[in-house]
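Q: Provide a 3D model corresponding to the input given below.
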Amino acid sequence: MKIPYGISDFKSLRKESYLYVDKTNYISSLEGIGSKYLFFIRPRRFGKSLFLSTLANYYDLNNKEEFDELFESLYIGKNPTELKTSYLILKFNFSGLNTDSKEKLYLSFKETIRQAVIASLSKYRALFINYQDIVNKLEELEDVKSILNFYIEKVKDAGQKVYLIIDEYDHFANDIIAMGDSDFYKEVIRATGFVRDFYETVKIGTESVIDRVFITGISPVMLDDLTSGFNIASNITMNKLFNEMLGFTEKEVKGIIEELNIDLNKEELLSELRKNYNGYLFNKDSRERVYNPDMILHFFSQWLMTGDYPDQLIDDNVRTDYGRLNRLVANEANREVLEDIIIEEGIVADIITRFSFDMMYDEDYFVSLLFYMGLLTIDKQYRTRLLLKIPNFVVKTIFWEYIEKKISEEYQINLDLNELRKSIEEMAYEGEIEPYIDYINNHVFKAFSNRDLINYDERYIKVILFAYLVDSKAYKPYSETEVENGYIDIYLERDIRMPDVKYEWIIELKYLKKSERDKLAEVKQEGLKQLERYAASRKFEDKDNIKQALLIFIGKDEYELII
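A: Model (predicted):
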């Protein structure tokens, strides 16, 4: 069985015997909700393109003869709808457009429309009399509206209906927003902008040959600005019925493990996958959280090559996608919100379902964008709003990497990584934690100014300690681990990829201002009692390698360590 990592063509997956997790039951669900024009948002690398390819192959008029080969063993093959193989497919993908200027964007947008229209006509050329003359005419047309209207006219003449698919609808808009050019955005999308013209033409087309529309992207960034241009689509992004339409459920992940016949402790493996890749929830009333499918497929593709846990838990492509985080926090207010999220591991907010450029510096806009990007997810209802949390360990790692980079740049800190890693190894293999704490204290904390002490507390110190552990494979750091006797400030668990790590750590962290030094003895006594209770927890009863440490910081450049 081959793993389809990076492959989003449904027909290739089915014909070349790749693993395929069956989501085709959602095809009939989509038909059954009433609206023919749908809008659906999910994070990057969450299976959108493959699902669109599945839709296209199911509805494609040309797939009548291949239908059984492609779908026979799947849910929708056993329970087909009346609309199967009944449409011409027209698909636009708006990734990769040139946003260097308004003129270049328009030209690349227009050519994307033209080439997609020609590709659709070419696919069904047997239906069109004088096909080559039609293509020649299309090559001469000078604007988007004319190209699309001409296509609609020819399809109407042929007596056919169209299923329109738009992938990455917001890609170019997100690029423009990242540049912060409001005039550029408004000219292109609002008022007489050519993007609005395009969607108005699509809307008019739904009155004749465009029978169904499915639009995907990573954010609802243009929805508010396109309201009058295309106000007929139903946003099903947070619809409970479609919470698990993309992403893998735990049952589906278990199925992959069984199908691949993985020779590892299955419970241990599933626990590791759950910590790293699970946690996404897109509707507060849904019970099932889903795994990031790209991360899961990356994991198993690496496992098939090595027969063991991969060295890198984070796919480099995912890390690159989340690099947008640095551009989003160019704004000071956004940066402060992000730091609060990292420290608190979540935030209470409202998720905005329609964005416009004017909202880009609003806190709820920024937090909502983190949700749509997959950097935050729904934890639960909190009063009238939602509590959002960081979904899993991989995303926490991305945040910690951001903190490490930010601190290093802001304070011009150039750490000797060999020395840093050596100090972590001493903690892991020798049971000596002081070299690591001493190194971070001398090279990071002492670089802070007195102004930085305003928001300095245990939580801030904890995030920094975690951030500089990222480069090590020795530990998985956990914050506020719940045990029957309370919450452990820091639990450093041996990484499953490093079975030779000798020591795990329970750390109780305290912070005192210099003016509070007289409380040191009291705080020390309290901390030692807490450690004693935590170590007696059932969680650690089968472990003989647990080390305990009480770490008390006093001001920004002094600490006391009790082991």
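
Q: low pLDDT regions in the protein?
A: Scanning the chain for pLDDT under 70 picks out 191, 226-229, 320-323, 451-455.

Q: and the longest helix for it?
A: The longest helix of the chain (DSSP state H) is helix 102-123.

Q: which residues are contacting that helix?
A: Residues outside helix 102-123 that contact it (C-beta atoms under 8 Å, 6 or more residues apart in numbering): 62, 88-94, 96-99, 128, 131, 134-135, 138-139, 141, 143-144, 147-148, 150-151, 154, 162, 172, 184, 187-188, 194-195, 198. Backbone N, C-alpha and C define where each C-beta goes, glycine included.

Q: quick check: next helix or strand after that helix?
A: helix 131-140 (DSSP states H and E).

Q: now do the buried residues in that following helix.
A: Going by neighbour count (16 or more other C-beta atoms under 10 Å), the buried part of helix 131-140 is Ile134, Val135, Leu138.

Q: now the residue nearest the centre of the chain. Nearest residue, chain neighbours left out?
A: Nearest to the geometric centre of the chain sits Gly374, at 3.1 Å (C-alpha atoms, centre = their mean). Spatial nearest neighbour of Gly374, chain neighbours left out: Pro43 (3.0 Å); criterion: C-beta to C-beta, 6 or more residues apart in numbering.

Q: try Glu72
A: Lys78 (7.8 Å).

Q: for Lys251, see how far away the one you found is.
A: Counting by C-beta to C-beta, to the nearest Å, the separation of Lys78 from Lys251 is 19 Å.

Q: stretch 309-317: end-to-end distance?
A: Stretch 309-317 has an end-to-end distance of 18 Å (criterion: C-alpha to C-alpha, to the nearest Å).

Q: ok, and what's touching that stretch?
A: 6, 45, 272, 276, 294-295, 298-299, 302-303, 393-394, 397-398, 473, 496-497.

Q: which among those count as buried?
A: 45, 272, 276, 294-295, 298-299, 302-303, 393-394, 397-398, 473, 496-497.

Q: okay, now the domains of this protein?
A: The record's domain parsing of the chain by automatic domain parsing lists 10-242, 250-317, 322-389, 414-562.

Q: turn those domains into TSV, including distance to Ile407.
A: Formatted as TSV, the domains of the chain follow (distance: least, C-beta to C-beta, whole Å):
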stretch	distance to Ile407
domain 10-242	23
domain 250-317	20
domain 322-389	11
domain 414-562	7
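
Q: closest one to Glu404 among those domains?
A: Glu404 lies closest, by C-beta to C-beta, to one member of the domains of the chain: domain 414-562, at 4.1 Å.

Q: quick one: end-to-end distance for that closest one.
A: 29 Å.

Q: list the contacts for Ile134?
A: So Ile134 contacts Leu121, Phe128, Phe150, Lys154 (C-beta under 8 Å, 6+ apart).

Q: that one and Glu140: what is the separation?
A: Counting by C-beta to C-beta, the gap from Ile134 to Glu140 is 11 Å.

Q: still on that earlier bit, could you identify the most distant pair in the contacts of Ile134?
A: Longest distance between any two of those is 11.9 Å, between Phe128 and Phe150; criterion C-beta to C-beta.

Q: near the closest residue to Tyr456 other than its chain neighbours, how many other residues are there?
A: Closest residue to Tyr456 in three dimensions, ignoring its sequence neighbours and counting by C-beta to C-beta, 6+ apart: Lys556, at 6.5 Å. Lys556 has 21 neighbours, counted by other C-beta atoms under 10 Å.

Q: correct me, but Lys556 touches Phe448?
A: Yes - here Lys556 reaches Phe448: they are 5.2 Å apart, a contact under C-beta atoms under 8 Å.

Q: where do the contact lists of these two overlap?
A: Counting by C-beta under 8 Å, 6+ apart, the contacts common to Lys556 and Phe448 are Tyr456.

Q: name the SS class of Phe553, please.
A: With DSSP: H, G, I helix; E, B strand; the rest coil as the basis, Phe553 sits in strand.

Q: roughly how far does it sit from Lys240?
A: In terms of C-beta to C-beta, Phe553 sits 45 Å off from Lys240.

Q: of these two, give the one with the bigger neighbour count.
A: Legend: neighbour count by other C-beta under 10 Å for Phe553 and Lys240, higher for Phe553 (22 against 13).

Q: am I right that that one is in contact with Lys510?
A: Yes - under the criterion of C-beta under 8 Å, Phe553 makes contact with Lys510 at 7.2 Å.

Q: measure Tyr475 to Met359 for me?
A: Counting by C-beta to C-beta, the gap from Tyr475 to Met359 is 40 Å.

Q: higher neighbour count, those two?
A: Comparing Tyr475 with Met359 by other C-beta under 10 Å, the one with more neighbours is Tyr475, at 22 against 16.

Q: quick check on the contacts of helix 102-123: which are buried?
A: Buried among these (16+ other C-beta under 10 Å): 88-94, 97, 99, 128, 134-135, 138, 141, 144, 147-148, 150-151, 154, 162, 172, 184, 187-188, 194-195, 198.

Q: number of residues surrounding Ile33?
A: Neighbours of Ile33 (other C-beta under 10 Å): 13.

Q: in helices, which of the contacts of helix 102-123 fall?
A: 131, 134-135, 138-139, 144, 147-148, 150-151, 154, 172, 184, 187-188, 194-195, 198.

Q: would you state the strands of the stretch 201-350 of the chain in chain order?
A: In the stretch 201-350 of the chain, the segments counted as strands under DSSP state E, counting those that start in this stretch are 210-217, 234-235, 346-349.
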